[in-house]
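In: A structural model of the following input is requested.
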Amino acid sequence: MNLSIKVDLIKLKDATLTTLTGKTGVKKSCLIIPIEGSGLFVGEKGVYLNLSAFEIREPKFDQTHLVKLSMDKAEYDALTEDQKKALPILGGLKPIKSNAMQPEAEELIVVPGEGGADLPF
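Out: Next up is the predicted model:
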């Protein structure tokens, strides 16, 4: 079965949308996610985010699974009940019904921010 996966990265801890101006003067919408505390980690060949998908017993909106951050058992057990309840659902999975592999475009809300001259664009 082929599945479509949609993840809302703005739900990661301290993630923010902003507009930045690069070296060429081009303004672009950017997602900024601090590595520390967000669930991201730096590996040998990239920056990674471990996720887990959990089957939904009574699927809604064609979604069969929900997606959350993956953490080891000791880390999860160290959380309080309130912290466990506050862990965000980052997205969902649903079967692909057509040949279209691209999700529909969603409206992007841009939060004004400060420009940065060290951007690669």
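
In: Could you list the low-pLDDT ranges of this structure?
Out: For the chain, applying pLDDT under 70 flags the ranges 99-121.

In: what about the strands in the chain?
Out: In the chain, the segments counted as strands under DSSP state E are 3-7, 16-21, 27-32, 40-42, 47-49, 51-60, 63-69, 91-95.

In: out of the ones you listed, which comes closest to Asp82?
Out: Closest of the strands of the chain to Asp82 is strand 63-69, at 16.1 Å (criterion: CB to CB). C-beta coordinates here come from the backbone N, C-alpha and C atoms, glycine included.

In: Output that closest one as CSV, nothing but the C-alphas.
Out: In CSV, the C-alpha atoms belonging to strand 63-69 read as follows (Å, rounded to 0.1, in the frame of the first residue of the first chain):
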residue,chain,number,x,y,z
GLN,A,63,-6.1,9.2,7.7
THR,A,64,-5.1,5.8,8.9
HIS,A,65,-2.2,6.8,11.2
LEU,A,66,-1.0,9.8,13.2
VAL,A,67,2.6,10.9,13.3
LYS,A,68,4.4,11.9,16.5
LEU,A,69,8.1,12.4,17.5
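
In: Starting from it, tell me which strands it pairs with and how they run.
Out: strand 51-60 (antiparallel), strand 91-95 (antiparallel) (DSSP bridges).

In: And that strand, how far out from the chain middle?
Out: Centroid separation between strand 63-69 and its chain, computed with CA atoms, centre = their mean, to the nearest Å, is 12 Å.

In: hey, which of the strands paired with strand 63-69 is tucked in deepest?
Out: Highest mean neighbour count among the strands paired with strand 63-69 (mean count of other CB atoms under 10 Å): strand 91-95, with a mean of 18.

In: The closest residue to Pro88 other than its chain neighbours: neighbour count?
Out: Nearest non-adjacent residue to Pro88, counting by CB to CB, 6 or more residues apart in numbering: Lys11, 4.4 Å away. Number of residues near Lys11 (other CB atoms under 10 Å) recorded here: 15.
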